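**Q** Return atomic coordinates for the entry below.
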Amino acid sequence: MMPLQTLQWLLACTALAFAVLASSLAGNDLQDERCPECLADSPPSVQLLQQQIQLSRGANSLLAGPAGSIKGNKSSSAPDVEDSLSAARTLRVALDGCNGLECLRRYVQMPDPAYSWTDTSRRIHGTVGGISWTGAVISLTSQRWLSGEVTPDVWKHALVIISPHGGTTTDTTHGWCTLYVAFGFYGSANQPVETVDETDPNILAAAQISVATSAASAVLFNVPAEWLTFAGDPSQPKIEDAEMAYSWARFAGLSKPPGTAEGDGVLPDDWQPMPERIPELAMTKAVVRAMDTITAFSSMEAGKPAAATQLPQLGGVPLTRFTLFGSSKRGAVCWHAAAVDERVRAIVPLVRSLNLRAFANRSLSCLGGLTATAGDYYKAGIFGSFMHSRQADFFFNVTDPISYASVYAGLPKYIISASNDDFFVPDHTRVWWDAMPGPKWNLMLPNSPHIVSGDQFVALTPTISAFVRHVMMGAKEAQAIDTTDTAGTSFANVLPRLDWQISQQTGSITARLLRAADGTSIEPKSVLLWQATTCDGRRRDFRLKNSDVGWACFKCGFPTASGCSNHAVRWSSTQLPEVSAGSRSWLASVEVPRDGRWQAFFIAFNFVGNLSLSTEVSVVPDTFPFRGCNQKNGCNGKGLVLDEEDEEEEGTR
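**A** This next block holds a predicted model:
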């Protein structure tokens, strides 16, 4: 016989699913679909929804309420297989007919009985610049994903909530938390939650931000859930890009019958969207549930006497305002979470492009094929017929933030890119920057490969901390002056306002530091022109690592175990003076190489307090060696994804 709690949960989920459909058709929110008293003993995920945690941006968003009133912090009993299958069916109903951002919203809003969290009672400690910090290790289960199709289907995460010592909470830091969605497997079957410790560089990076901002921070691991085995390919568990690529292909229904061209796949004629198979939805839900957990945990800590807590800076009130940051696929999830949850007040996405189809075409036109780092997606057939299919239309409408750029108006965004990224060409912003509303700031990191690990983040904590401090200061000012456009109005007076134009004729960059409405300004302590030149005229290629062999490698670098180290594309800098004293304008131009190579450059601004900003990258000449190269024609056969048979030919070019 079905337990009463399970029956209550199923009834609640079913009611919510039909409410979602009805609200979608009627254009209304779920504000009338509430029954707190009938779900008092339900799992926290259901209670959080009933308590109106914010899950959408815009005028009709659900109003935030404190999560601290939740009784308990985990489900009284684990859902069984019947629960899981029923939940999957209910989710399918809830997502039926959705499109674009609405799919993301519905998935995150859908209660999940698997959601739970437990304070492990483990505390980790450290010091930054003589200031101590303490981290509480939380075991978080965010959801079940694709029960019966994926093993394990339960997403578990380590969540470390960090509090600095030795200061006092101010109005500026009140209720703020910087949440770092980090690369790391803590919470997976291979790395239990309890194994995370204070020496992990991701923890160190978050602790440095916490101390620098005098506010709480947190680190969320295992997003996406790693080491997953798919029923359709049980040969070995998948992680990272292999997991993402396989999931994308599975969503599209891609198959590879005998005779299918390498890098392509066959799409079904009778395809129907199953958006729950898109891993970005589950990743977003994991981040939102982490914020729910941080709010609930901080509520419990806030109620303790000062002598009873090791986390003194959690603030006395629940943590309900968040800055999110992460890199690559975890940078993308920062965009997604911000689109569905108003508790996100700023984002710092690193090394992730938007408008991905346009970016892919630009990258192929520069390089003549796919880089080795795209190998998993190439093998899955993502860059074949899929890219021009109705499946791709649906997929990118859901996952590409440029498809719903308007929801980010007013949200502070600090975009950080790597000049020698293995995945993204340095001028990738040219295909999406202008379409993204402000406020927004850009930073290009010279001589940096793709950013993944905590060690790289540790080096970035000074400038990220400076941005977070400005965000908190701006929010305080906005509250004081009571403006309607709080982010846009207040941040104009707090963060430097950098504007630039890139000439279509010459590629020159004109940059200006604008004054605030009250005439005040922030002066840079240095302005630098950074520039780099490609190895040769074969490819518009600024990667530090490529697949060249033989002379093609030795003329610009040297071979390593992971490929060719292309030192010829290292960036150098020179001081760049103002156009005229006091003009607050700078002009950068470089000579077009006469030997067929390409030169890239940008202007970087460094300010007191460790904040750094830059313009976008300009490349001269603005020509493409493989113009017209796209996913359909395959460019140079296999492009840059090489096998042993290709190496000799590639090395002699």
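**Q** Can you give me every residue that contacts Gly100?
**A** Asn397, Val398, Ser403, Tyr404 (Cβ atoms under 8 Å, 6 or more residues apart in numbering). Placement of C-beta: from N, CA and C, glycine included.
**Q** Please tell me how far it sits from Leu498.
**A** Per Cβ to Cβ, to the nearest Å, Gly100 is found 31 Å from Leu498.
**Q** List the contacts of Phe322.
**A** Counting by Cβ under 8 Å, 6+ apart, Phe322 makes contact with Trp176, Cys177, Thr178, Leu179, Met291, Ile294, Arg343, Val344, Arg345.
**Q** The fourth one is in contact with Ile294, isn't it?
**A** This means Leu179. Yes: between Leu179 and Ile294 there is a contact at 7.1 Å, judged by Cβ atoms under 8 Å.
**Q** Lowest-scoring secondary structure element of the chain by mean pLDDT?
**A** The weakest-scoring helix or strand in the chain, judged by mean pLDDT, DSSP states H and E, is helix 644-651 (a mean of 37).
**Q** picking that back up, dump the contacts of Phe322 to CSV, plus distance to Val527, pLDDT and neighbour count.
**A** As requested, those are arranged in CSV below (distance: Cβ to Cβ, whole Å; pLDDT from 0 to 100; neighbours: other Cβ atoms under 10 Å):
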residue, distance to Val527, pLDDT, neighbour count
Trp176, 31, 93, 24
Cys177, 33, 95, 28
Thr178, 28, 97, 28
Leu179, 32, 98, 27
Met291, 38, 98, 25
Ile294, 39, 96, 28
Arg343, 36, 97, 23
Val344, 32, 98, 24
Arg345, 29, 96, 22
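**Q** Out of those, flag the one nearest to Glu243.
**A** Nearest to Glu243, judged by Cβ to Cβ, of the contacts of Phe322 is Leu179 at 22.1 Å.
**Q** residues contacting the closest one?
**A** Ser217, Ala218, Val219, Leu220, Val287, Ala290, Met291, Ile294, Phe322, Thr323, Leu324, Phe325.
**Q** Okay, helices next: where are they in the stretch 401-550 of the chain?
**A** Secondary structure of the stretch 401-550 of the chain (DSSP state H, counting those that start in this stretch): helices at 454-481, 486-492.
**Q** Let me know how buried the nearest residue to Ser465 once chain neighbours are set aside is, in neighbour terms.
**A** Spatial nearest neighbour of Ser465, excluding adjacent residues (Cβ to Cβ, 6 or more residues apart in numbering): Ala212 at 3.6 Å. A count of nearby residues for Ala212, using other Cβ atoms under 10 Å, gives 22.
**Q** after the helix or strand hosting Ala212 comes which helix or strand?
**A** Here Ala212, judged by DSSP states H and E, is contained in helix 201-213. The helix or strand immediately downstream of helix 201-213 is strand 216-220, counting by DSSP H and E.
**Q** Please report the confidence value the model assigns to the closest residue to Leu204 other than its chain neighbours.
**A** Spatially, and ignoring its direct neighbours in sequence, Leu204 is nearest to Val458 (5.7 Å; Cβ to Cβ, 6+ apart). Looking at Val458, its pLDDT is 91.
**Q** so who does Val458 touch?
**A** With contact set as Cβ under 8 Å, 6+ apart, Val458 has these partners: Pro201, Leu204, Ala205, Gln208.
**Q** circling back: of the contacts of Phe322, which is the nearest to Cys334?
**A** Nearest member of the contacts of Phe322 to Cys334, counting by Cβ to Cβ, is Val344, at 7.9 Å.
**Q** residues touching that closest one, list them.
**A** Going by Cβ under 8 Å, 6+ apart, Val344 touches Met291, Phe322, Thr323, Leu324, Cys334, Ala337, Ala338, Leu411.
**Q** Adjacent strands (with direction) for the helix or strand containing the second one?
**A** So the one you mean is Phe322. Assigned by DSSP H and E, Phe322 belongs to strand 321-327. Sheet pairing of strand 321-327 (DSSP bridges) gives strand 176-181 (parallel), strand 344-350 (parallel).
**Q** Now do the same for the residue nearest to Val287 when sequence neighbours are not counted: its pLDDT.
**A** Leaving out its chain neighbours, the residue that sits closest to Val287 by Cβ to Cβ, 6+ apart is Ala337, at 4.4 Å. The model reports Ala337 with a pLDDT of 98.
**Q** residues in contact with the strand or helix carrying Ala337?
**A** If you go by DSSP H and E, Ala337 is part of helix 329-340. Helix 329-340 has contacts (Cβ under 8 Å, 6+ apart) with 55-57, 101, 104-105, 108, 181-183, 223-224, 240-241, 244, 280, 283-284, 286-288, 291, 324-326, 344, 347-352, 354, 399, 401, 404, 407-408, 411.
**Q** which of the residues you listed count as buried?
**A** If you count burial by 16 or more other Cβ atoms under 10 Å, the buried members of those come out as 55-57, 101, 104-105, 108, 181-183, 223-224, 241, 244, 280, 283-284, 286-288, 291, 324-326, 344, 347-352, 354, 399, 401, 404, 407-408, 411.
**Q** So which of those sit within strands?
**A** Val181, Leu324, Phe325, Gly326, Val344, Ile347, Val348, Pro349, Leu350 (DSSP state E).
**Q** Chain neighbours aside, what residue packs nearest to the fourth one?
**A** So the one you mean is Gly326. Per Cβ to Cβ, 6+ apart, closest to Gly326 is Val181, 3.6 Å.
**Q** Just to be sure, Thr134 is in a helix?
**A** No: going by DSSP: H, G, I helix; E, B strand; the rest coil, the assignment for Thr134 is strand, not a helix.
**Q** List the contacts of the residue lying closest to Gly609 once chain neighbours are set aside.
**A** Leaving aside its sequence neighbours, Gly609 sits nearest to Ala466 (Cβ to Cβ, 6+ apart; 5.1 Å). Each residue near Ala466 by Cβ under 8 Å, 6+ apart is listed here: Ala212, Phe607, Gly609, Asn610, Leu611.
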